[in-house]
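Asks: Here is the input, now give the coordinates:
(one chain, ligands or ions: 1)
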Amino acid sequence: MTEFSSSGITNKINKLIEKSLASKKPFPHTLLISESRKSNQSLVEHIAQRLNAKLVVANGSDIERPGDIGGLLTNMEDGQILFIDGIHRISRIVEEYLYPAMEEFTIDIMIDRGPSARSVRINLPQFIVVASIPDEGSLSKELKSAFLCTYRFESHSRDELKAIFEKELKKSGIIYDADVLDLLAEKSGKNLTEGMMLLKKAVKYSQMSESAQLNRSVLNECLETMGHMPADGGGSIQNRTVIPDEIKREVWRRDQGKCIKCGNNESLEFDHIIPFSRGGSNMVRNIQLLCEACNRSKSDSI
Ligand SMILES: [Zn+2]
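Replies: Just a heads-up that it's a prediction; the model follows:
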């Protein structure tokens, strides 16, 4: 039975986080092996939250040239986490920069062109790389060796998931309809971590509801109200980028709680002025408040 493999991973990671915090030593570079982007994402968000670390999200396929990785790494801070989703898709040349950067926290950058071209070694902050690959074989041996921690998620059949959810719901004491198990299994996309997250929300939401009962409509209402990203849609890099709360607060204060384009103070969103995919950072100066409409017209024009 691999029933608790995902929560097993979380337990192991929690142990390591405690050690890292207690010893004040950086959390090791970590590789996640899973076909589910959703589980990778929830796990890296969990790590960032527990370490109280800022999280920068990048997509492997967007890191093509040495300048791309150079830009990302030189913008990092000590203890910050760089999540490279699909690291197997970075180019061969980037790999040659990334590997020593992860091991020695230095990067050699070429300046000038032609006869005066020379490389300069730059010291980097003690960043942490968490990266994901779909399966074991997709990463080169060299790059794999830069990751001291490796975790693999098992995927679960629908019936396995339903059995786990049933057990958890019984434990919670919530009254539930049997078809809720199907809906949970469906929404979790074969993924236990995702399923457990949904279950946690559903239990919390039912406890807050008057009837304290969980059925399909309560579950749908819960996902609607508490926010849920479907397991099949990864979302854009920008959407998947987590802006730390303190940064959000500062941006909100600076922009006085309204859209900087039209002054609207409803449906506000935090917008990266330079998108992440183009090397934009999570710094206050790169983030602005836009209303939904202005944000949409901006992304249409990019
Ligand atoms: Zn606006």
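
Asks: for the chain, where's the lowest mean pLDDT among helices and strands?
Replies: Every helix and strand in the chain was compared by mean pLDDT, DSSP states H and E; the lowest is helix 237-240, with a mean of 40.

Asks: Tell me which stretches of the stretch 101-250 of the chain form helices.
Replies: Taking DSSP state H, counting those that start in this stretch to define them, one finds helices in the stretch 101-250 of the chain at 141-144, 158-172, 179-187, 192-208, 216-226, 237-240, 245-254.

Asks: Same question for the longest one: list its buried residues.
Replies: Along helix 192-208, these residues count as buried under the neighbour rule (16 or more other Cβ atoms under 10 Å): 192-199, 201-203, 205-206. From N, CA and C alone the C-beta is placed, and that goes for glycine too.

Asks: ok, the residues you listed vs residue 87, which is closest?
Replies: Nearest to residue 87 among the buried residues of helix 192-208 is residue 193, at 19.4 Å by Cβ to Cβ.

Asks: For the stretch 201-302 of the chain, which residues are neighbours of the ion?
Replies: Contact residues (Cβ under 5 Å from the ion) of the stretch 201-302 of the chain with the ion: 259, 261, 262, 264, 291, 294.

Asks: Using neighbour counts, give me the buried entries of the residues you listed.
Replies: In those, the ones that pass as buried (16+ other Cβ under 10 Å) are 259, 261, 264, 291, 294.

Asks: Give me the neighbour count for residue 227.
Replies: For residue 227, the number of neighbouring residues by other Cβ atoms under 10 Å comes to 8.

Asks: how near is it to the ion?
Replies: Distance from residue 227 to the ion, counting by Cβ to the ion, to the nearest Å: 22 Å.

Asks: and what of residue 44?
Replies: Counting by Cβ to the ion - residue 44 and the ion are separated by 31 Å.

Asks: Now do the helix or strand harbouring that residue and helix 192-208, the angle between them.
Replies: With elements taken from DSSP states H and E, the one containing residue 44 is helix 37-51. Orientation of helix 37-51 against helix 192-208 (axes from the mean of the first three to the mean of the last three Cα atoms, to 10 degrees) gives an angle of 70 degrees.
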